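Undergrad: return atomic coordinates for the entry below.
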Amino acid sequence: MGHEPIILGIVGDSAAGKTTITSGIAAILGSEDEVTVICTDDYHKYDRQQRAKLNISALHPDCNYLDIIEQHLALLKQGQPILKPIYNHSTGTFDPPEYIKPGRFVVVEGLLGYSTRRARDCFDVKVYLAPPESLRTKWKVKRDTGKRGYTTEQVLEQLRKREDDSEQFIRPQRQWSDMVVSFYPSSEADEEAGANLNVRLVLRPTLPHPDLSEVLRRSETASAPPAVRLTLDRDCNKPVDTLEIDGHVRDEKAYELMDLLCNSAPYGDRLRCCIDMGSFTGTTGEQLRSHPLALTQLLIAHHLLKAAHEVH
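TA: Predicted coordinates for the structure are as follows:
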């Protein structure tokens, strides 16, 4: 039996931002040898043409090999290798499978990762992404027209057809997460301005989140509301903490929070040295950076490093 990896789940609807979140976390955690990234889209039963003929969406559990996902997660949790299928989003067909050996950390992103109890039990940290539907629609149109060969009308029609499956199968998984991540525009900002998006983090007591109160007590200015806020709330009818970070948060405040997260995590120095935190590609291909995104990735990485320290 191999080492026992720490497994992170990143679940959300199509174009909810899973890959953007995942790439930054993987960069924080270490080299490719240390971090294995898996997408559960690879476990579709049917290719694109078959789904159209059967009139079934990729979001439906019957369109995915959930039993094989469970089996592979269990093997990875034991440190064992798997032979993973590969779904090619460009062609809508399947490529030859890939032999995967788990690194110290395994990041599993996709649509249905928390849909069964056996799968959920394999994750050390579970994150659910929940941007506003209007923002997710814009992200999906941009991605699918730019990278997957669809027209805008085709993407919008696909979203319409998938809405029932999203409501029935994807969104209920929110209740099983340790953290809910929702990027959203401020009232005066354009929704396309990704670097200026705010983030709202639902922090459930299923994880021991770091104490941020010392930093948050220091208000931004006497005349303006703070750009970072921690409040009590309810989510899925359960009490939670909510951490909100505005896109316009000052550099000094963001770096203060980053230092706190690094200082409270085992191996915190490796968190500080990552230059890719919060970076993403803008609408015209330029590289942008967002403090809310960086702090979200850093908080998730904090929990993974803490779990790894406790296991090893």
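Undergrad: just the CA atoms of the longest helix anywhere in the chain, as PDB, please.
TA: If you go by DSSP state H, the chain has its longest helix at helix 291-311. Taking Å, rounded to 0.1, in the frame of the first residue of the first chain, the C-alpha atoms of helix 291-311 are listed here in PDB:
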ATOM      1  CA  HIS A 291      -7.000  39.300  -4.200                       C
ATOM      2  CA  PRO A 292     -10.300  37.500  -3.400                       C
ATOM      3  CA  LEU A 293      -9.300  34.600  -5.700                       C
ATOM      4  CA  ALA A 294      -5.800  34.400  -4.100                       C
ATOM      5  CA  LEU A 295      -7.200  34.400  -0.500                       C
ATOM      6  CA  THR A 296      -9.800  31.700  -1.500                       C
ATOM      7  CA  GLN A 297      -7.100  29.500  -2.900                       C
ATOM      8  CA  LEU A 298      -4.900  30.100   0.100                       C
ATOM      9  CA  LEU A 299      -7.600  29.200   2.600                       C
ATOM     10  CA  ILE A 300      -8.300  26.000   0.800                       C
ATOM     11  CA  ALA A 301      -4.600  25.200   0.600                       C
ATOM     12  CA  HIS A 302      -4.300  25.900   4.300                       C
ATOM     13  CA  HIS A 303      -6.800  23.200   5.100                       C
ATOM     14  CA  LEU A 304      -5.000  20.700   2.800                       C
ATOM     15  CA  LEU A 305      -1.600  21.300   4.400                       C
ATOM     16  CA  LYS A 306      -3.100  21.100   7.800                       C
ATOM     17  CA  ALA A 307      -4.800  17.700   6.900                       C
ATOM     18  CA  ALA A 308      -1.500  16.400   5.500                       C
ATOM     19  CA  HIS A 309       0.400  17.500   8.600                       C
ATOM     20  CA  GLU A 310      -2.100  15.600  10.800                       C
ATOM     21  CA  VAL A 311      -2.000  12.400   8.700                       C
END
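Undergrad: how about that helix: buried residues?
TA: By 16 or more other Cβ atoms under 10 Å, the buried positions in helix 291-311 come out as 291-308. For the C-beta atoms, the positions are set from N, CA and C on the backbone; glycine is no exception.
Undergrad: cool, stretch 197-209 as well?
TA: 197-204, 207, 209.
Undergrad: quick one: average confidence on that stretch?
TA: Averaged across stretch 197-209, the pLDDT comes to 95.
Undergrad: what's the end-to-end length of that stretch?
TA: Start-to-end span of stretch 197-209 (Cα to Cα, to the nearest Å) is 23 Å.
Undergrad: and stretch 117-127, by the same measure?
TA: Per Cα to Cα, stretch 117-127 runs 16 Å from first to last residue.
Undergrad: give me the buried positions along that stretch.
TA: 119-120, 122-127.
Undergrad: give the next helix or strand downstream of the helix or strand of the chain with the lowest mean pLDDT.
TA: Of all helical and strand segments in the chain, the minimum by mean pLDDT, DSSP states H and E falls on helix 268-272, at a mean of 64. Next helix or strand after helix 268-272 toward the C-terminus (DSSP states H and E): strand 279-281.
Undergrad: other SSEs contacting that following strand?
TA: Using 3 or more Cβ pairs under 8 Å, 6 or more residues apart in numbering; DSSP states H and E, the elements in contact with strand 279-281 are helix 18-29, strand 287-289.
Undergrad: out of these, deepest packed?
TA: Highest mean neighbour count among those (mean count of other Cβ atoms under 10 Å): helix 18-29, with a mean of 22.
Undergrad: specify the local secondary structure of Phe183.
TA: strand (DSSP: H, G, I helix; E, B strand; the rest coil).
Undergrad: next one: Ser31
TA: coil.
Undergrad: next: Thr36.
TA: With three-state DSSP as the basis, Thr36 sits in strand.
Undergrad: that one bridge partners, please.
TA: Val106 (DSSP bridges).
Undergrad: report pLDDT for it.
TA: At Thr36, pLDDT is 96.
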